[in-house]
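Peer 1: only the shape, not the letters, is given here:
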Ligand code: AHM
Ligand code: MG
């Protein structure tokens, strides 16, 4: 039973023993509040549009991407608990300023997922995951190249019709809603994937789909397994959030020729795959569990199939 007066602070105090980990989560939540406010007022505060820079992905950087990235780095630096960070927006290792050799935690994030939706007031969000460092070498990228199954906690904030923070830790995934007084209150606890019949796929890529994927999507469209409908926001974080709550499956297959996907393993796929796993869901890249893939590069892109366990199993049965 959700106690609607429990705030995030009380929640993390009640079952996370490590006060350093608590502080990391607190810092991320503060950054998400700041980002949420800036997203809501972007048009007024001249935060829409591009900075003129190109990021490591070769994409034009949005002003809000840059703002969100700096906000997370500054807030996590202030926590004094973080050893190293990795961001979708930055090419290599990020160290807190001042450096913190005694910090134990490594945090990775996509500061603002769904960049193409920023200027049109459609839901976007922040995705993050927290790991323990594996060694104390501040130049060792292996601290960031950890498998998703090493994640201690992950989550996201979605800046939608309300701002909701999802936190997944110790077999428990909960949702917090940001109040008018800028406090995150617990609004759903122990959530599990819903069972609506939804598929979320950019079907404009149909001509690049493998025969297996064409067969799968055609079966979903055929009503043989219930009446599926399509929902695709174009912000992974929002598509995942909807499917987690209501039910559904999201897929962004890898290009069959190159084997490379659109979404980033470390900053997008792993954090969400961890949440899925803890919420009766699953995520694969088609051949293996996303959480079992050993990253070989910071900005590695993979195919992603993520949703309720039954949805992912159904695809595997059909192809
Ligand atoms: P971003 O992190 O630069 O916003 O890119 C990732 C986004 C995802 O949020 C979304 O699922 C996908 O790219 C949409 O891609 P497409 O426009 O090809 O459908
Ligand atoms: Mg993204």
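Peer 2: Structure received. If you're wondering where the values come from, they're calculated on a predicted model, not measured in any experiment. Ligands and ions are numbered 1, 2, ... in the order given.
Peer 1: show me which residues of the stretch 201-319 of the chain are close to ligand 2?
Peer 2: Within the stretch 201-319 of the chain, no position is near ligand 2 by Cβ under 5 Å from the ion. Backbone N, C-alpha and C define where each C-beta goes, glycine included.
Peer 1: and the residue in the stretch 151-300 of the chain that ligand 2 sits nearest to, which of the three is it?
Peer 2: Relative to ligand 2, the nearest point of the stretch 151-300 of the chain is residue 268 (5.0 Å; Cβ to the ion). The three-state label given to residue 268 by DSSP: H, G, I helix; E, B strand; the rest coil is helix.
Peer 1: burial of it, as a residue count?
Peer 2: The tally of other residues near residue 268 (other Cβ atoms under 10 Å) stands at 28.
Peer 1: the closest residue to it other than its chain neighbours is in what secondary structure piece?
Peer 2: Leaving aside its sequence neighbours, residue 268 sits nearest to residue 110 (Cβ to Cβ, 6 or more residues apart in numbering; 5.3 Å). Element membership of residue 110, judged by DSSP states H and E, is strand 105-113.
Peer 1: which other helices and strands contact that strand?
Peer 2: Using 3 or more Cβ pairs under 8 Å, 6 or more residues apart in numbering; DSSP states H and E, the elements in contact with strand 105-113 are helix 19-40, helix 63-79, strand 82-87, strand 124-132, helix 236-246.
Peer 1: quick one: list the elements packing against the longest one.
Peer 2: Helices and strands touching helix 19-40, by 3+ Cβ pairs under 8 Å, 6+ apart, are helix 8-15, helix 63-79, strand 105-113, strand 124-132, strand 153-159, strand 163-169, strand 172-178.
Peer 1: may I see the buried residues of the fourth one?
Peer 2: Read it as strand 124-132. 124-131 (16 or more other Cβ atoms under 10 Å).
Peer 1: ok, residue 95 - contacts?
Peer 2: Taking Cβ atoms under 8 Å, 6 or more residues apart in numbering, we find residue 95 in contact with 84-85, 138.
Peer 1: now swap in residue 201 and tell me
Peer 2: 217, 230, 232, 250-252.
Peer 1: burial of residue 184, as a residue count?
Peer 2: Neighbourhood size, residue 184 [other Cβ under 10 Å]: 24.
Peer 1: greatest separation within the contacts of residue 201: which pair is it?
Peer 2: Pairwise distances among the contacts of residue 201 were taken by Cβ to Cβ; the largest, 14.0 Å, belongs to 230 and 252.
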